[in-house]
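[1] Sequence and predicted structure are below.
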Amino acid sequence: MKILLIAPSYARDRNAGYFPMGIAYISSYIRQYGHEVIPLNMGILDYDQRLATLEAILDHNEIELVGISVMTLGFLECESLIKMIRRLRPDLPIVVGGDITSGEPEAVLAELKPDYGVVGEGEIIFTNLLQAFESGYEVSGVKGIWHWFDGELHYTGDGETVADLDTLPRPDIDLFGINEYLNIQREFLWRSLRSTYDRKNVLIVFASRSCPFHCTFCYHVGPYKQRSITSVVDEIEDMAHRYQIYSFDIYDDLFAVKKERIHEFCRQLQQRRLHIDWTIQMRVNPFVDQETLTLMKETGCRELFFGVESGSDTILKSMRKGITTKQIAQAMEMTRKAKIGCLGAFLLGDPAETEETLEESLKFQQDNEMYFSQWSPIVPYPGSQIWMHLCREKLHTPEAKINFIRKICNPNRYFWNDQVNLTRMSDEKYWEMYVFLRELNDINYRKQKAILLGGQQASPYYSTMQLACPSCMQEVEHTIVYPAECAHDGNLNLDAVIGVQGVNIVCMNCRREMHVAAKDIPHVRKVYNVFQQSVDALKMENRKVVVIPALDRYKHVFFEDIDMDGLNVGAVLDSRTKAIGKEFMCTEVSELNQENVKRYTDCVFLLLPWVEYMKAVSLCEQQGVRSYLSWNRLFAPDYGLL
């Protein structure tokens, strides 16, 4: 059969944040059985090319079936794809697989309405389904699928999975555009405002599937299975030689449960003289010891990702992490001693969370200098134990579940508008703490600032800076692109909180991070100087100003870099419901609308960094505001500052 396999994108822009290894494995597996695969990796295409590319493939190929592998966050994208395929080729069977069909399958499939849903590992189940199509067998006899019968969904029972991962063929990464993915990596080196500048290209390898542990916020499909170390190193060796790239991320949820597996991996790298660098995700216990970490460092380990999540033993127990704060602290100390980068994250939102447990986590974070471990909210993903808790408490119908899934498909909107509070704190207190923690991320970075030795602007969006690491005093010259999307002649995005966050740089010597504030980057400093001079002039003249919006997450760092004290604030306007009625700059926040803008047309409007700055600009111009200054506009090419 000729099969179109689609990997949706999880971002508007083409990006290197994700490569669809799952569907690449499906592709290579079914091609063993004679099927022809037409690949479509949406993530390496520009937004306006995606649907046009799909339409062209359907028009010019005799496709017999479409398979879509998608995570829950791709629900909306998957829905759009299915509707388009139905419009263009209503005769085509559509099969959906991936995480989306495993966590809350019946509600999701009833809403998306594909012809079939594959549950769990897809290689054998999907192959069996294709065989049923070719042979004319009843699909109801294929285990591991959802299908429609008399207008209702039916599940055929658990399907067969691959017992030995070593028997799988290598994933079809070339077919799904690995070279284009690597090109995007080079272009987007700075996109996350974090640079490991000695790792410009990174290849991905999976050494295991699933996870043997049961943290409440995670969901894993199937039992934990591992490839042999020989198989993993064979693949790494082959990829290194084929692509001439020597950096690898092992993308497993958990690389090993015994230190012997790590030792064997390191020994094989040594025996084969594979000079690569690599990162993995590990637990802080039971086998993180100095001997193991030293061996890992010697064989190229650059960074370790630890599942930290909380600095409170009460919350770790509630999350069923099976670790303690003491073990986390010891692991961090030993990893830093080995000069391996040490990454972790903190989560807000466990049902046992209180103000007291949160204070414990904050103290733990500061005591252990985990300044670059970010705070994020727990997202209740379908299938996880916390999802079950949410369903018991608030999502009582299939419609409610689907509406919630739709919301989490837009993480930024969910975080700032639609979050659910499952903690023991009040909704008001939870929101207050969330805003504080998001702001704390930026505050913490500044506790580990790079030592500035010199710098000069190199081009409109580039500066060359001489820095020293505050942890080990290693000196480095570094070219910084800012804003990040301008790398490789990328398009500037003014619809953002532009120019406020700095950049984080990983020291090549000690592998600890250091921060460069945006204000300290030579070409960006011009914008700060112009804005500060304008603010100072308003103070001197005692001009009444209207401030838009009421900054929340970025207030501390912005006010640290721009002195706003002493302004004669007549009003603060904001369009966000959560901000209205609160206090900002000693002034109650009012709604940003035509009436309020018109009321203050004689004032100077001061537009602070804001994603929706054009809304304020448009209202100012429509209502005849005589004078306004927009922070975002200072970065525009036609303004001539950069």
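    Looks like it came in fine. Numbers count the residues shown, from 1 in each chain.

[2] for stretch 602-615, how far is the first residue from the last?
    End-to-end distance for stretch 602-615, by C-alpha to C-alpha, to the nearest Å: 19 Å.

[3] ok, and what's touching that stretch?
    Applying C-beta atoms under 8 Å, 6 or more residues apart in numbering, the contact partners of stretch 602-615 are 494-500, 535, 538, 543-549, 551, 554, 558, 567, 570-571, 575, 592, 597, 616-617, 620, 625-633. All C-beta atoms are positioned from the backbone trio N, CA, C, and that covers glycine.

[4] Off-centre distance for it?
    Relative to its chain's centre, stretch 602-615 lies at 29 Å (C-alpha atoms, centre = their mean, to the nearest Å).

[5] Can you report the mean pLDDT over the residues of that stretch?
    Average pLDDT, stretch 602-615: 95.

[6] elements contacting the helix or strand Arg406 falls within?
    In this structure, Arg406 sits in helix 398-408 according to DSSP states H and E. Packing partners of helix 398-408 (3 or more C-beta pairs under 8 Å, 6 or more residues apart in numbering; DSSP states H and E): helix 75-88, helix 105-112.

[7] Repeat the analysis, applying 10 Å as the threshold.
    helix 75-88, helix 105-112, helix 385-393 (3 or more C-beta pairs under 10 Å, 6 or more residues apart in numbering; DSSP states H and E).

[8] hang on, the earlier thing: quick check on the contacts of stretch 602-615: which are buried?
    Among these, those scoring as buried are 494, 496-500, 535, 538, 543, 545-549, 551, 554, 558, 567, 570-571, 575, 592, 597, 616-617, 620, 625, 628-633 (criterion: 16 or more other C-beta atoms under 10 Å).

[9] contacting residues around the residue nearest to Ala400 when sequence neighbours are not counted?
    In this structure, Ala400 finds its nearest non-sequential neighbour in Lys394, 7.3 Å apart by C-beta to C-beta, 6 or more residues apart in numbering. By C-beta atoms under 10 Å, 6 or more residues apart in numbering, the residues touching Lys394 are Pro380, Ala400, Lys401, Phe404, Val420, Asn421, Leu422.

[10] In space, what's closest to the last one - neighbours in sequence excluded?
    The spatially closest residue to Leu422, leaving aside those adjacent along the chain, is Pro351, at 4.8 Å (C-beta to C-beta, 6+ apart).

[11] and the one you found, how many neighbours does it have?
    Neighbour count for Pro351, taken as other C-beta atoms under 10 Å: 18.

[12] Mark which of the contacts of Lys394 are buried, thanks.
    Looks like the contacts of Lys394 have Pro380, Lys401, Phe404, Val420, Asn421, Leu422 buried, using 16+ other C-beta under 10 Å.

[13] ok, back up a step: and the angle from the helix holding Arg406 to helix 385-393?
    Angle, helix 398-408 to helix 385-393, by axes from the mean of the first three to the mean of the last three C-alpha atoms, to 10 degrees: 130 degrees.

[14] same question for helix 398-408, mean pLDDT?
    On average, helix 398-408 scores 97.

[15] Would you mind listing the buried residues in it?
    Neighbour count says helix 398-408 has Lys401, Ile402, Phe404, Ile405, Lys407, Ile408 buried, by 16+ other C-beta under 10 Å.

[16] And for stretch 366-381?
    Neighbour count says stretch 366-381 has 368, 370-381 buried, by 16+ other C-beta under 10 Å.

[17] Export it to PDB, keeping only CA atoms.
    Taking C-alpha atoms only, stretch 366-381 is exported to PDB below (Å, rounded to 0.1, in the frame of the first residue of the first chain):
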ATOM      1  CA  GLN A 366      18.300  29.000  46.700                       C
ATOM      2  CA  ASP A 367      20.400  26.900  49.100                       C
ATOM      3  CA  ASN A 368      21.500  24.700  46.200                       C
ATOM      4  CA  GLU A 369      22.100  27.600  43.800                       C
ATOM      5  CA  MET A 370      19.600  26.100  41.300                       C
ATOM      6  CA  TYR A 371      19.200  29.500  39.600                       C
ATOM      7  CA  PHE A 372      18.600  28.100  36.200                       C
ATOM      8  CA  SER A 373      16.100  25.500  37.200                       C
ATOM      9  CA  GLN A 374      12.900  27.000  35.900                       C
ATOM     10  CA  TRP A 375       9.400  27.000  37.600                       C
ATOM     11  CA  SER A 376       6.500  25.800  35.400                       C
ATOM     12  CA  PRO A 377       2.900  24.700  36.200                       C
ATOM     13  CA  ILE A 378       1.900  21.100  36.100                       C
ATOM     14  CA  VAL A 379      -0.200  20.400  33.000                       C
ATOM     15  CA  PRO A 380      -2.600  17.600  33.600                       C
ATOM     16  CA  TYR A 381      -2.000  15.400  30.600                       C
END
